[in-house]
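Visitor: build me a structure from this.
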Amino acid sequence: MQRLDDVFIVPAGPGDALELAEVHVRAWRETYAGLLPAAYLDRMEARLHARRWRAQLTAAQAGDVVLAAEGRSGLVGYAAGRLTKGAPVAEVFTLYVVRDAQRKGLGRRLLAASARAFADRGSSSLQLWVLNGNAPARAFYAHLGGVRVDERPVRGWGGDLSESAYRWEDIRSLMRGV
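Guide: The predicted structure is shown next:
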């Protein structure tokens, strides 16, 4: 894996759809093995997710933020979210980094860059949801100062899953030191 200083965080566009989808599928298989049904993870197809990404990025709204972490060998991570007009709280819907690019500060950089983009659009705080069974991600968000503020059940994959919301009341706290 390349060094962290070889990875650039850039806004994603429709032309990045396939690489975003490939990172999405790979990261889900790496992250959720043992947590989500193997049959579901095995059926995931980058081609299908690429169509969704292309549609989303083509119809992007003013409050949408999709950032890609691009290294010498292609994309290794991304973050996507939205600031709802009139709401001070931005939400990151997804933040994934492939396993061999983790633990190098890239997730922190993606979250900080997202916070910066949302702050520039007028957001004062940021929130995201994470599956409760994803202990490494929960520890990561707590380490970055996220406070667990809510919990809800999750449907769609079977089983009794739930997720927790982590919030940063002051979005600027995510931008310090990065």
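Visitor: going forward, measure contacts between C-alpha atoms and count neighbours the same way
Guide: Fine.
Visitor: pLDDT weak spots in the protein?
Guide: 1-5, 177-178 (pLDDT under 70).
Visitor: all helices for it, in order.
Guide: Shown for the chain, the helices assigned by DSSP state H span residues 17-32, 38-43, 46-58, 106-120, 135-143.
Visitor: buried set for the third one?
Guide: By neighbour count with 16 or more other CA atoms under 10 Å, helix 46-58 contains the buried residues 46, 49-50, 53-54, 56-57.
Visitor: pull the most distant pair out of the residues you listed.
Guide: Spanning the widest gap among the buried residues of helix 46-58 are A46 and L57, at 15.8 Å by CA to CA.
Visitor: ok, back up a step: now the helices of the chain in CSV, with distance to V65?
Guide: Formatted as CSV, the helices of the chain follow (distance: least, CA to CA, whole Å):
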stretch, distance to V65
helix 17-32, 14
helix 38-43, 26
helix 46-58, 10
helix 106-120, 7
helix 135-143, 19
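Visitor: E169 is nearest to which of these?
Guide: Closest among those, using CA to CA: helix 106-120, at 11.4 Å.
Visitor: quick one: that closest one to helix 135-143, angle?
Guide: 50 degrees (axes from the mean of the first three to the mean of the last three CA atoms, to 10 degrees).
Visitor: ok, and for helix 106-120, which residues are buried?
Guide: 106-119.
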